[in-house]
Every structure is written in structure tokens, then in C-alpha cells.
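Peer 1: Below: sequence and its predicted model.
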Amino acid sequence: MSHDERTFVMAKPDAVQRGLIGNIIGRLEGRGLKLVGAKFMQIDEALAHEHYGEHEDEPFFDGLVEFITSGPVMAMVWEGADATRQVRQMMGTTDPAEAAPGTIRGDLGLDLGQNVIHGSDHEDPGANEREIDLFFDEGELVDWEKSDAEWVYEDVDH
Ligand code: DAT
Ligand code: MG
């Protein structure tokens, strides 16, 4: 399996306000994933509409846009084997009240509307690339070798 799948991850405004950026990054780092891009930023209305376009007909859309633009977020790109699906598993279900303990939402959230983290949907092919392109220019992503790869992946030679 390739080790270079990339996925888009975001610590949402609630996570930033609650001082949980480091907790989230620590979990992803600890798993063996590699950070290749990060941007502390404020999402404006237009970007929020584009990012959450698939939900524009939902009754919760206006509240979702208001929430995601309510304060800064930490937008990130993480790389690794099966990264998109693995991050989704680590996030837990959309509603933190139902998310399993041990998951990011299950450990750090209580309310569906403020669920701490976004990760690209692994069941929507191309969502990861689309979201990475929406938030990052190519030059903002860093190609680098992480020196622990041989201790994370069995098929990397020691
Ligand atoms: P996810 O973030 O797990 O991919 P999603 O794409 O279905 O979930 O929805 C995007 C965000 O919208 C989600 O993180 C929280 C919010 N949301 C989803 N369903 C909602 C609902 N029924 N009521 C309020 N907010 C909701
Ligand atoms: Mg989604």
C-alpha cells in the first residue's frame, strides 16, 4: 500500500477556542501520519459555502456556516497509508454524543453542532484532493522524508 495518500483535516473553531489543537495534532502524529501542510486561518463566508456545498439544502446549513466562520481554524494536510479512512476512524461518528470513547469526537466533544474536527470523507472519492486544493496552494505543501517511516511501515527497509 502506498504511504503517500493525503487527506484534509481541520481543527474547527471550537477546538481552537478550547485549546485542543495540540491534542488533535498529537493524536495524528502519534498514529504515524505525516504533517505536510498547516495553516492557521479564518474561513470566510464564500469558502465556507464552497467547503460545505454538499450540505447547502440541509436545515442545519446556515448554522454550520455561522459556526465554521465564527473564529479561526487550523487547516492541515496529513499523509500516510490509507490516511483518509484512518483519520475518519480516529475522528469517530459525526455526532460526538454517539462517537466511541477513544475517538477524537468521542473524547473531546458533546454536541453535534460543535464536533471539534473535520476530515475528508473517505466514502466520497476525490473529496480529499478537492478539499486540499480548496484550502492550500501547491507551494504550501511540503514534501519531506520523515525519519521514522521504517518504524511505522513494515515494508520500509531498516
Ligand atoms: P462529518 O463532519 O462527519 O463529515 P457531515 O459531512 O455529514 O459530517 O456534516 C458536516 C458537518 O455538519 C458536521 O461535522 C456537523 C454538521 N452537521 C451534520 N449533520 C447535522 C445535523 N443533523 N444537525 C446539525 N449539524 C449537523
Ligand atoms: Mg463530511
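Peer 2: Looks like it arrived, so ask away. Remember, predicted model here, so these are calculated numbers, not experimental data. Ligands and ions are numbered 1, 2, ... in the order given.
Peer 1: Could you pick out the residues of this protein near ligand 1 for me?
Peer 2: 55, 60, 64, 94, 112-113, 115, 118, 121 (CB under 6 Å from any ligand atom). (C-beta placed from N, C-alpha, C; glycine too.)
Peer 1: what's the farthest-apart pair in the residues you listed?
Peer 2: Using CB to CB, the two most remote members of the residues of the chain next to ligand 1 are G113 and D121, lying 18.5 Å apart.
Peer 1: Do you know the pLDDT at M1?
Peer 2: Per-residue confidence at M1 stands at 82 (pLDDT).
Peer 1: now the helices: where do they sit in the chain?
Peer 2: Using DSSP state H, the helices found in the chain span residues 13-17, 21-31, 45-51, 61-68, 83-91, 104-108, 127-135, 149-152.
Peer 1: The fourth one: which residues count as buried?
Peer 2: Burial within helix 61-68, assessed by neighbour count using 16 or more other CB atoms under 10 Å, is assigned to 61, 64-65, 67-68.
Peer 1: Return the list of helices and strands in contact with it.
Peer 2: If you count contacts as 3 or more CB pairs under 8 Å, 6 or more residues apart in numbering; DSSP states H and E, helix 61-68 packs onto helix 13-17, helix 45-51.
Peer 1: out of these, which comes closest to W144?
Peer 2: helix 13-17 (25.2 Å).
Peer 1: And the closest one, what's buried?
Peer 2: Buried residues in helix 13-17 (16+ other CB under 10 Å): 13-16.
Peer 1: Which one of those is nearest to ligand 1?
Peer 2: Minimum distance to ligand 1 across these is 10.9 Å, recorded for D14 (CB to the nearest ligand atom).
Peer 1: how about that closest one, what does it touch?
Peer 2: 67, 109, 114-116 (CB atoms under 8 Å, 6 or more residues apart in numbering).
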